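structure, please.
(chains A and B)
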2 protein chains.
Amino acid sequence: MAGTNPLIRDRDVDFQLYEVHDAEQLCKLPHFAEHTREIFDLWLRSAAKLAREQFYPAFKPMDEKGAELIDGRIKSPEGMAELFDAAVDLGLITAARPESVGGSQLPLTVSVVGYLYLMAGNSGAVGYPLLTAGAAHLIESFGSEALKATFMKRMYAGEWVGTMSLTEPGAGSGLGDITSTATPIEGREAEGAHHIRGSKIFISGGDLDFRDNIVHLTLARRPGDPPGVKGISLFAVPRLRPSAGLEDPSNEDAGEGEIAVEFNDVHTSQLIHKIGWKGLPSLGLSYGEADDCVGWIVGEPCRGLSYMFQMMNEARILVGANGTATASAAYHQSVDYARERKQGRSLDPRQKTKEPIPIIEHPDVKRMLLRQKAIVEASMCLVMTASRYNDVAEHGANEGDRKRARMILDILTPITKTFPAERGFESTSLALQIHGGYGYSSEYLPELWFREQRLNSIHEGTTTIQGLDLLGRKVVANMGQSLMVLMEEIRADIEVARKDGVDEALCEAVKIEVARVGGLTQVLGQRGMSGDVLGMMAHSHDYLCLFSNFIVAWQWLRMAGAASRGLTEAHDPDSEAFYRAKLEAARYWIRTELPDNARLAELCESNEDSYLKVPDSAW
Amino acid sequence: MAGTNPLIRDRDVDFQLYEVHDAEQLCKLPHFAEHTREIFDLWLRSAAKLAREQFYPAFKPMDEKGAELIDGRIKSPEGMAELFDAAVDLGLITAARPESVGGSQLPLTVSVVGYLYLMAGNSGAVGYPLLTAGAAHLIESFGSEALKATFMKRMYAGEWVGTMSLTEPGAGSGLGDITSTATPIEGREAEGAHHIRGSKIFISGGDLDFRDNIVHLTLARRPGDPPGVKGISLFAVPRLRPSAGLEDPSNEDAGEGEIAVEFNDVHTSQLIHKIGWKGLPSLGLSYGEADDCVGWIVGEPCRGLSYMFQMMNEARILVGANGTATASAAYHQSVDYARERKQGRSLDPRQKTKEPIPIIEHPDVKRMLLRQKAIVEASMCLVMTASRYNDVAEHGANEGDRKRARMILDILTPITKTFPAERGFESTSLALQIHGGYGYSSEYLPELWFREQRLNSIHEGTTTIQGLDLLGRKVVANMGQSLMVLMEEIRADIEVARKDGVDEALCEAVKIEVARVGGLTQVLGQRGMSGDVLGMMAHSHDYLCLFSNFIVAWQWLRMAGAASRGLTEAHDPDSEAFYRAKLEAARYWIRTELPDNARLAELCESNEDSYLKVPDSAW
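Residues are numbered from 1 along each chain as shown, chains lettered A, B, ... in the order given. Purely as a prediction, here's the structure:
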């Protein structure tokens, strides 16, 4: 089986990158000026090759025999060392980082496609380089030069790895309640050295055996700082600490070569048994059991959570990418299976064959395939849309462009995180369903993707948290101005689709939603402003579903536009079929899913509060 | 954890049995005349006790170390022998069978509640007695007296066990394509003895070590019989065959005591690794490898599939019961967790507490709980509704009643199978979600229920098959007369709810659906009659969703009526809270889910055929 699954289809990547998102346009921005389509494609082909030839074949073995905790150390899954080396060689850790720190300075729009390939091949394995990138990026953005020299450089080089160490047993969604402490070490204040004490849980990749050192970007609270979210600071806490303290950044060779280290009193306390992602163990960590754990503060005190949140957009886009990638691999597997598996006869009385037909010919199987396709490809489009706004937000030509992109990105982030997670799960489950009884067995891969995918609605903020973020913060930010800017973009895209010849009824359906979503948001916002916060937020989940549905319809309209343009120039039957399938998927989404927004909007606006009225004792 | 979960709430059982379904009324039928509410309750309390004290504690250990295949024999999970004995002692196998065959002659309406408790405690473990019951029931209904004496009696006594042996590697949903053969043995025609050859797959409980003999009720094809479904016969194929042939039923002691047996050449070829139900292994069986496998025909030749389908209603109700039970156990666990787990602060600005609050106080958590409650309790109501029609269909006072009940049951069966499976899966997944990161770990049970529940949309006919059955057969049967009879019942229940004081708007909403579903069915039926079968069936899945949604709204209306009645007489706060919660759940379903039927009906009626138009090469 392994090897024949494309994981992510190259033709779709080309379509999305160049026909929908016009990635080449990004090369006109100074930050990306050194790049060309050829450079993008070369890197992406390498990523695809690595995903298909190394990551994917290791996927099932890693699930069967994941990491083990032996005498307090993690034994990493077999082959993980080679995969990590290969990811470093590909430049995965620094793909989107600037050249100034040794990166390739690729747009996220492009690098995220590389992540997609590798995530579709093996979610757990790609976790190590991406977590390392995220942790080092925090130091790059907020850390001192000494921290950069000592930690960031070695992490970007793939010599040391990193983790994000936030969650505690009593503080997951509510990070304001973390209790880990950081006490300044007397005499080492200038260096920012603190003694760290506490426990963390669910730390992905928190220990491993293919690198010696791991730098945990850790949230903790200093004595005397305010309670809650405003008193949390960020620390770099390595497993092995530099014996002579941080390196001197003015030294030209700082951050390169060997450095004397010693054990830093951060231990693995627990290996959590979970139902997927077994290649990337989730651990409990214990800091300072012997009162000898040193962490260096990153940036200013009490700003830890805001630093984390500045990285959160990207982290959430990556969860969306994972949801997309997992659903994509499962989709391709189910197409293959549906073409090969024969069962039943045609419903069509004109086709009275005697032999069983491939199940792909049954209408309800086609429905399950198109539903998957509609979810997978829209998720991919959404992830790339968010990534592109991210690129413009960071490297746009002028402050106006950057600000505008940032506003849109802020709104799109909870959607980009949630839709591929929730609907991607539904999609992955359909892939299992198409396999029937075989789908429930471990001899096929869908059950494994099904288990993997289930995490995406939980990590980096549960779906509940995303709903609160969208309605309670994002759409009402700047007095609704962010939403207005987003709506302008969507309206402009509707006009483009119209000119491209997309079915007028589809354009109109999306346009109606612009008005509906805008009007509803105003009603709910006013309700909140008048003090009825519960009334505003009562249907935050329904609002998230409605908004996602609408945003996905926008993605399909854009893809339909690109497909219509492509169709007029398509000269071979394959291209024609490719574009026609896009048009059908667009029609499917807009005609079958988008109409649910009428019901959802009514719920959001209504005073339907049944769940608030269930007596506490009667659950 | 184990022990505190009620699995199924007793108060709910009382409500459903006596306040909604008036189970005592069944005692007025001659077949059930020996029974009283006290007898029902006594048996159900024993079942609940067995479920909570023995089945449930064994659930997780069985998942961790399921069955093993050692030297061609299955080693059953530890403790399974004791659970099976306890189930036999409870009279589980024959609970609903007549006294004439040693049964308790309980209504299915009552016995199914016992199954619910045990299924909620341990799906896999309860599989053995229920499969044995199903297999023996086939012999009871269609087998010769000699077969009954030899096999059925010992199976009902729990001395031998049974399986349903239908599926083959190339024939699951399409049973017409099975290739196992049965060749009459010369000289033993009168006995009905045949040589069986072939392979079966996915045979649940196909081997075990706590009983010596297993009787496989096996579909096979005799030489010369017609191809397809019309040429399939049913055979009883024991693992150990009576050395001297079948027992003589005229002998008074037939079927009792020891009988000389010898090995019958049916082997376990494969243990399928699956993601749940690990207590009940799913096997490949190989018949007649040494040309020495004897099977006895059950009933008439070529009627095997129709015999199986006469048992199918009950088998499908049991899948619905399993979906209900699994979702119920997960629901109760998530309520417990939501009450204990503290995280975050109140959204309500008037409640500015400093400490984290139990997550059950967050609106979106309440939503997830009410959604589960609405699904679980409606599923239970639906399973009992179908069971009650089953009781009347079999034992009703007169032919008119029986026929009417059979017509309704036929329509309700695919819904009763599918709704608790599909929505029960969603519900179970919400229980996992409420546990956040812990839900993804194996330290809590929701992930296990989540894996278990996933099977219910697949076995005993996939959801696709149920959709085809409902729209293609059941609602159009007898020129739509069955549907008319069902609608009459529903309309009558709406009037009862109205008189009971249920909110007029809710009654009206369900009434509108009677018209909508009826009208839509007529349109689709006529489309089919005019030859456009594809056009009729294109949205069979949407039709199934719409119909289920409506039937569940009916269940909630009936429960709301019973709750309104109860409320007028409730004298204690607990009862009052219980009934109020029912009313809120009814309102929730009818106001949040039922409105989706407008969209679904439009889809079914429309010519929305995007999935049929995707070019074959472009999936």
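
so stretch A:552-560, near chain B or not?
No. Residues of stretch A:552-560 are not located near chain B by CB under 8 Å from any CB of the partner chain, the shortest gap being 11.2 Å. For glycine as for every other residue, the C-beta is placed from the backbone atoms N, C-alpha and C.

looking at that stretch now, give me its mean pLDDT.
Averaged across stretch A:552-560, the pLDDT comes to 98.

who's in contact with it?
A:15-16, A:20, A:374, A:377-378, A:381-382, A:385, A:419, A:490, A:493-494, A:496-497, A:500, A:502-503, A:506-507, A:509-510, A:513, A:582-583, A:585-587, A:589-590, A:593-594 (CB atoms under 8 Å, 6 or more residues apart in numbering or on different chains).

what segments of chain A are strands?
Listed from the start of the chain, chain A has strands (DSSP state E) covering A:68-70, A:73-75, A:161-165, A:181-184, A:193-204, A:214-221, A:232-238, A:240-242, A:261-263, A:266-272, A:282-287, A:294-297.

figure out which of those strands is closest to B:A125.
Nearest to B:A125 among these is strand A:266-272; the distance by CB to CB comes to 27.5 Å.

tell me the domain ranges of chain A?
A:10-136, A:143-151+A:158-303, A:463-613 (automatic domain parsing).

okay, the ones you listed in TSV with mean neighbour count and distance to B:L131 next?
Below are those laid out as TSV (neighbours: other CB atoms under 10 Å in any protein chain shown; distance: least, CB to CB, whole Å):
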stretch	mean neighbour count	distance to B:L131
domain A:10-136	20	30
domain A:143-151+A:158-303	20	27
domain A:463-613	19	38
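
can you tell me how far A:A553 is from A:F547?
Between A:A553 and A:F547 the distance is 11 Å, computed by CB to CB, to the nearest Å.

from the contacts of stretch A:552-560, which are also near chain B?
Near chain B, by the rule CB under 8 Å from any CB, you find A:585, A:587 out of the contacts of stretch A:552-560.

who wins for proximity to B:A182 among the domains of chain A?
Taking CB to CB, domain A:10-136 is the member of those nearest to B:A182, at 39.0 Å.

now that closest one, how far from the chain's geometric center?
With CA atoms, centre = their mean, to the nearest Å as the basis, domain A:10-136 stands 13 Å off its chain's centre.

where in chain A is pLDDT low?
Within chain A, the segments meeting pLDDT under 70 span A:1-3, A:352.

go with 50
Within chain A, the stretches with pLDDT under 50 are A:1-3.

and A:L208, how far from chain B?
19 Å (CB to the nearest CB, to the nearest Å).

among the contacts of stretch A:552-560, which ones are in helices?
A:374, A:377-378, A:381-382, A:385, A:419, A:490, A:493-494, A:496-497, A:506-507, A:509-510, A:513, A:582-583, A:585-587 (DSSP state H).

on that earlier part again, what's the closest of the domains of chain A to B:R221?
domain A:10-136 (36.9 Å).

before we move on, the earlier item: next, format the domains of chain A as a markdown table and append distance to A:G439.
Formatted as a markdown table, the domains of chain A follow (distance: least, CB to CB, whole Å):
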| stretch | distance to A:G439 |
| --- | --- |
| domain A:10-136 | 15 |
| domain A:143-151+A:158-303 | 16 |
| domain A:463-613 | 23 |
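
apart from its neighbours in sequence, what residue is nearest A:L217?
A:A135 (4.5 Å; CB to CB, 6 or more residues apart in numbering or on different chains).
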